[in-house]
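**Q** kindly generate the corresponding structure for this input.
(2 chains)
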Amino acid sequence: QQQVKQSPQSLIVQKGGISIINCAYENTAFDYFPWYQQFPGKGPALLIAIRPDVSEKKEGRFTISFNKSAKQFSLHIMDSQPGDSATYFCAARGSSGGSNYKLTFGKGTLLTVNP
Amino acid sequence: KAGVTQTPRYLIKTRGQQVTLSCSPISGHRSVSWYQQTPGQGLQFLFEYFSETQRNKGNFPGRFSGRQFSNSRSEMNVSTLELGDSALYLCASSAGTGGRGGYTFGSGTRLTVV
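**A** Residues are numbered from 1 along each chain as shown, chains lettered A, B, ... in the order given. From the prediction side, this is the model:
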């Protein structure tokens, strides 16, 4: 059972454009939602994270929007740059002490930013 | 400070053999989690160790096992390798269990089973 669904699988945007990646989750016990960025040959790196008590978090050009009632969250990359070309993963983690107290990842979005 | 170190980076094994992968976490991090990454299934959780104890386990067969040493270094072992075990195996360290404080991933071990 896929607990975190991510879309689209791939995304091509022009330099300066906005990249939007969406995720939906099923488990209402999830309480921590990070996004990871992965370059070829490297492990994923934490980009930004949010908890369900806030609806939006911004760090530089990266923004997470969170909709608790819809069980959806998204990553917006403003002014996308060629250096942002990478695979992006959303993830979710359950409450402490349970079997879901681990990161469950979406299947990833390959972002290509054309110059 | 040094990041998460995984060795070896690449490995080719024959079906039926066993393999041991190693992970050295960031200094001070006591939690080590292992993930399998494949194009089809993405990142799948294998298990997590904290203070030498397995704290959580994913849905993988018993051929996949791990352990953690007193210095927090961790190893994972896969016995009786199958072709489907070919994957990138990633180790992630964190200060607390469940990725508390944020995971830091290593660059992974690319395992190819032939």
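**Q** what are the pairing partners of the helix or strand containing residue A:37, and which direction each?
**A** Per DSSP states H and E, residue A:37 falls inside strand A:33-38. Under the criterion DSSP bridges, strand A:33-38 sits next to strand A:45-50 (antiparallel), strand A:86-93 (antiparallel) in its sheet.
**Q** check the offset of the following helix or strand past the first one from the chain's centre.
**A** What that stands for is strand A:45-50. For strand A:45-50, the following helix or strand on the C-terminal side (DSSP H and E) is strand A:56-59. Its chain's average C-alpha position is 12 Å from that of strand A:56-59, according to C-alpha atoms, centre = their mean, to the nearest Å.
**Q** partner strands of strand A:56-59, with direction?
**A** With DSSP bridges as the test, strand A:56-59 pairs up with strand A:62-67 (antiparallel).
**Q** with mean neighbour count and mean pLDDT added, can I get the strands paired with strand A:33-38 in TSV?
**A** Using the backbone N, CA and C atoms, a C-beta is placed for each residue, glycine as well. TSV is the format used below for the strands paired with strand A:33-38 (neighbours: other C-beta atoms under 10 Å in any protein chain shown; pLDDT from 0 to 100):
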stretch	mean neighbour count	mean pLDDT
strand A:45-50	18	94
strand A:86-93	24	96
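**Q** ok, which of those comes nearest residue A:78?
**A** strand A:45-50 (12.5 Å; C-beta to C-beta).
**Q** contacts for that closest one next, please.
**A** Here strand A:45-50 makes contact (C-beta atoms under 8 Å, 6 or more residues apart in numbering or on different chains) with A:32-38, A:56-57, A:59, A:62-64, A:66, A:73, A:75, A:88, B:102-105.
**Q** same thing but at 7 Å, please
**A** If you take C-beta atoms under 7 Å, 6 or more residues apart in numbering or on different chains as the criterion, strand A:45-50 is touched by A:32-37, A:57, A:59, A:62, A:64, A:66, A:73, B:102-103, B:105.
**Q** now for those, which pair is the farthest apart?
**A** A:66 and B:105 (23.5 Å).
**Q** which of the two has more residues huddled nearby?
**A** Each of residue A:66 and residue B:105 has its neighbours counted (other C-beta atoms under 10 Å in any protein chain shown); residue B:105 has more, 23 against 19.
**Q** from chain A, how far off is that one?
**A** Residue B:105 sits at a distance of 3 Å from chain A (criterion: C-beta to the nearest C-beta, to the nearest Å).
**Q** give me the nearest residue to that residue, chain neighbours excluded.
**A** The shortest distance from residue B:105 to any non-neighbouring residue, by C-beta to C-beta, 6 or more residues apart in numbering or on different chains, is to residue A:43 (3.0 Å).
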